[in-house]
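**Student:** Quick one, fold the following:
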Amino acid sequence: MFSCNENRKIEYNITDFGAKADGITLDTKAVQNAIDECSKKGGGKVIIPSGKTVLIGTIYLKDFVNLHVENGAILLGSSNIEDYTTDTHKNMYKNEPHMDRCLIFANNAKSFAITGLGTIDGNGYFKNFTSKTGRPMMIRFINSNDITFKDITLKNPAAWTSAWLYCNEIVVEGIKIVSRVNNNGDGLDFDGCTNVRVSNSSFDTSDDSICLQASLPNKPCKNVVVTNCTFTSKWAGMRIGLLSRGDIESVTVSNCTFNDIEDSGLKIQLNEGGEMKNMTFTNLVMKNVPRPIFMTFAQQKACVDAPEEMYPMKAMHHFIFDGIIADNSKLDKNSAIFITGMPNNYITDIQLNNIQMIFAGGGTKEDASNEIKEYTLDVLDGWWPEFHLVGTLPASGIYARHIKGLSINNVSVNLLNEDKRPLVVFDDVIDSNVGSLFLNRKKVKKIN
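**Tutor:** As a prediction, the model looks like this:
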């Protein structure tokens with residue numbers, strides 16, 4: 001049932017375990033038997049063979065198993081919700097139990113992988129899965145260590161593509177995610193994970209492409225590197241926060257492009273009582289991204305396990321944004337950088353350096369006098385702190401509020417149409433330093 005060479009490189013072809021691999025027969029048991037045998041024998045590759053379509057419900061990855069989907073092979077999720085088991089933990093967001101099930105699950109597993117140039121297809125079309133029937137995530141891993149994703153294509157999940165909960169030592173390299181056939185199609189969601197490296201990958205998603213979260217107070221999300229990736233999304237390219245009961249820290253994002261993002265390029269939001277700190281974002285190019293940087297410090301409950309009382313707020317500090325080009329010439333007058341803390345709860349120590357932005361402009365005198373609502377609980381009214389709640393900005397380029405220690409240096413904004421609003425608006429900004437700020441290539445000497 002398996003073959004090995006003198007180096008004990010063991011391969012387990014799922015057809016040797018009875019899989020029909022015809023795309024019609026449900027092969028869950030055969031695939032699971034191959035995984036179990038592989039792990040029991042000390043590890044190796046479980047092969048989804050080239051040219052085959054293998055239909056499955058929920059499978060469980062185990063220690064030392066490399067689920068290898070060969071070039072031209074498809075691992076296809078069943079269209080029947082009953083083929084997805086109910087013992088695969090849960091979605092950590094409140095009011096979303098319809099996303100509790102998943103296709104591929106691992107719990108307390110170590111040193112496993114999903115590799116290969118083939119495709120995992122979640123088959124998550126609306127005709128198969130809705131909120132009423134249940135929408136399984138494609139992948140969920142919990143409390144696991146030493147995980148590798150490499151070269152695989154993940155597409156068509158019914159909900160999130162992947163949720164990684166409280167995992168350590170993660171490498172994601174050279175993958176492609178296309179998640180456009182259903183709602184909430186997040187790409188990679190790392191919740192309370194540490195030592196995460198994502199590189200050389202592409203994302204085309206119906207929700208946030210990469211999320212960094214912390215749903216448990218004692219499980220920080222930290223030591224995360226994202227580099228050499230491309231993002232297209234119906235929502236955010238990268239969202240950091242919302243689920244933020246624990247700390248989120250030590251994050252670097254570099255050498256990435258963001259194209260046709262419908263909400264925000266970098267969406268950074270602390271709202272559940274953790275601490276968020278020490279992050280750098282460098283060498284980024286954005287086109288058609290309404291809010292290149294969108295940062296909020298606000299109180300709101302997002303976690304399914306949130307306590308009844310509202311969280312006490314901690315701190316959000318030390319962020320560097322350096323070397324960013326944002327071309328929003330085809331978008332509306334609300335294309336801008338938006339950063340807001342709370343009264344008496346400041347975001348502290350932010351640098352905006354070496355940034356070029358091309359915006360449409362078009363703001364009026366009336367727009368310039370707009371008062372931006374605070375993200376208080378009555379304003380949020382159950383929503384996350386989203387941009388649509390605040391209205392048109394009184395600034396054409398940068399709006400900053402409730403911040404201590406804001407440095408702006410070598411920032412240039414070109415407006416294509418006349419705009420009656422000031423380029424930069426500060427509201428309750430303490431200890432600011434502005435140097436080399438340009439509007440249409442002319443140095444700005446005074447800001448509001």
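**Student:** Mind listing residues that contact the longest helix seen in the chain?
**Tutor:** Determined from DSSP state H, the single longest helix within the chain is helix 28-40. For helix 28-40, contacts defined as CB atoms under 8 Å, 6 or more residues apart in numbering pick out 1-2, 10, 12-20, 44-46, 48, 54, 56-65, 67, 78, 83. Glycine gets a C-beta too; all of them are placed from N, C-alpha and C.
**Student:** rerun at 6 Å
**Tutor:** 12, 14, 17-19, 44, 46, 56-57, 59, 62-65 (CB atoms under 6 Å, 6 or more residues apart in numbering).
**Student:** can you check stretch 106-124 too?
**Tutor:** For stretch 106-124, the external contacting residues (CB under 6 Å, 6+ apart) are 61-71, 73-77, 79, 138, 141-146, 148-158, 181-182.
**Student:** Pipe the contacts of helix 28-40 into JSON lines and attach secondary structure and pLDDT per row.
**Tutor:** JSON lines is the format used below for those (DSSP: H, G, I helix; E, B strand; the rest coil; pLDDT from 0 to 100):
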{"residue": "Tyr12", "secondary structure": "strand", "pLDDT": "98"}
{"residue": "Ile14", "secondary structure": "helix", "pLDDT": "98"}
{"residue": "Phe17", "secondary structure": "helix", "pLDDT": "98"}
{"residue": "Gly18", "secondary structure": "coil", "pLDDT": "98"}
{"residue": "Ala19", "secondary structure": "coil", "pLDDT": "98"}
{"residue": "Gly44", "secondary structure": "strand", "pLDDT": "97"}
{"residue": "Val46", "secondary structure": "strand", "pLDDT": "98"}
{"residue": "Ile56", "secondary structure": "strand", "pLDDT": "99"}
{"residue": "Gly57", "secondary structure": "coil", "pLDDT": "98"}
{"residue": "Ile59", "secondary structure": "strand", "pLDDT": "99"}
{"residue": "Lys62", "secondary structure": "coil", "pLDDT": "98"}
{"residue": "Asp63", "secondary structure": "coil", "pLDDT": "98"}
{"residue": "Phe64", "secondary structure": "coil", "pLDDT": "98"}
{"residue": "Val65", "secondary structure": "strand", "pLDDT": "98"}
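**Student:** Only the buried subset of those, as a PyMOL command please.
**Tutor:** To isolate the buried ones among these in PyMOL, judged by 16 or more other CB atoms under 10 Å, type:
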select buried, resi 12+14+17+19+44+46+56+57+59+62+63+64+65
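**Student:** Looking at the contacts of helix 28-40, which one is closest to Thr232?
**Tutor:** Ile56 (28.3 Å; CB to CB).
**Student:** quick one on the thing from earlier: so which of the contacts of stretch 106-124 are in helices?
**Tutor:** Among the contacts of stretch 106-124, no residue falls in helices (DSSP H).
**Student:** In strands, which of those appear?
**Tutor:** 65-69, 74-77, 138, 141-142, 145-146, 148-150, 153-155 (DSSP state E).
**Student:** Tell me the buried residues within the residues you listed.
**Tutor:** Neighbour-count burial (16+ other CB under 10 Å) applied to the ones in strands among the contacts of stretch 106-124 gives 65-69, 74-77, 138, 141-142, 145-146, 149-150, 153-155.
**Student:** and the nearest residue to Ile170 once chain neighbours are set aside, what pLDDT?
**Tutor:** Distance criterion CB to CB, 6 or more residues apart in numbering; nearest residue to Ile170, sequence neighbours excluded, is Val196 at 4.6 Å. As predicted, Val196 sits at a pLDDT of 98.
**Student:** and Val196, what element?
**Tutor:** Per DSSP states H and E, Val196 falls inside strand 194-199.
**Student:** where exactly do the helices run in the chain?
**Tutor:** 28-40, 365-368, 377-380.
**Student:** Columns distance to Asp428 on top of those, output as a markdown table?
**Tutor:** Output for the helices of the chain, formatted as a markdown table (distance: least, CB to CB, whole Å):
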| stretch | distance to Asp428 |
| --- | --- |
| helix 28-40 | 56 |
| helix 365-368 | 18 |
| helix 377-380 | 17 |
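**Student:** Could you single out the most deeply buried of those helices?
**Tutor:** Each of those was assessed for mean neighbour count using mean count of other CB atoms under 10 Å. The highest is helix 28-40, with a mean of 20.
**Student:** can you tell me the average pLDDT over that one?
**Tutor:** Mean per-residue pLDDT for helix 28-40: 98.
**Student:** what angle sits between that helix and strand 65-69?
**Tutor:** Taking axes from the mean of the first three to the mean of the last three CA atoms, to 10 degrees, one finds that helix 28-40 is oriented at 140 degrees with respect to strand 65-69.
**Student:** Take helix 28-40, keep the C-alpha atoms, and write them as CSV.
**Tutor:** Extracted in CSV, the C-alpha atoms of helix 28-40 (Å, rounded to 0.1, in the frame of the first residue of the first chain):
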residue,chain,number,x,y,z
THR,A,28,-13.3,11.1,2.3
LYS,A,29,-12.6,7.7,4.0
ALA,A,30,-9.9,6.8,1.5
VAL,A,31,-8.1,10.1,1.9
GLN,A,32,-8.4,9.9,5.7
ASN,A,33,-7.1,6.4,5.8
ALA,A,34,-4.0,7.4,3.8
ILE,A,35,-3.4,10.3,6.2
ASP,A,36,-3.8,8.1,9.2
GLU,A,37,-1.5,5.4,7.9
CYS,A,38,1.1,8.0,6.8
SER,A,39,1.2,9.6,10.3
LYS,A,40,1.2,6.2,12.1
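**Student:** For Thr115, give the beta-bridge partners.
**Tutor:** When bridges are called by DSSP bridges, Thr115 pairs up with His68, Lys150.
**Student:** From Ile24, how far off is it?
**Tutor:** Separation of Thr115 from Ile24 (CB to CB, to the nearest Å) stands at 26 Å.
**Student:** same question, Leu212
**Tutor:** 39 Å.
**Student:** longest strand in the protein, by residue count?
**Tutor:** strand 398-417.
**Student:** That one pairs with which strands, and in what direction?
**Tutor:** For strand 398-417, the paired strands and their directions (DSSP bridges) are strand 337-340 (parallel), strand 347-361 (parallel), strand 424-439 (parallel).
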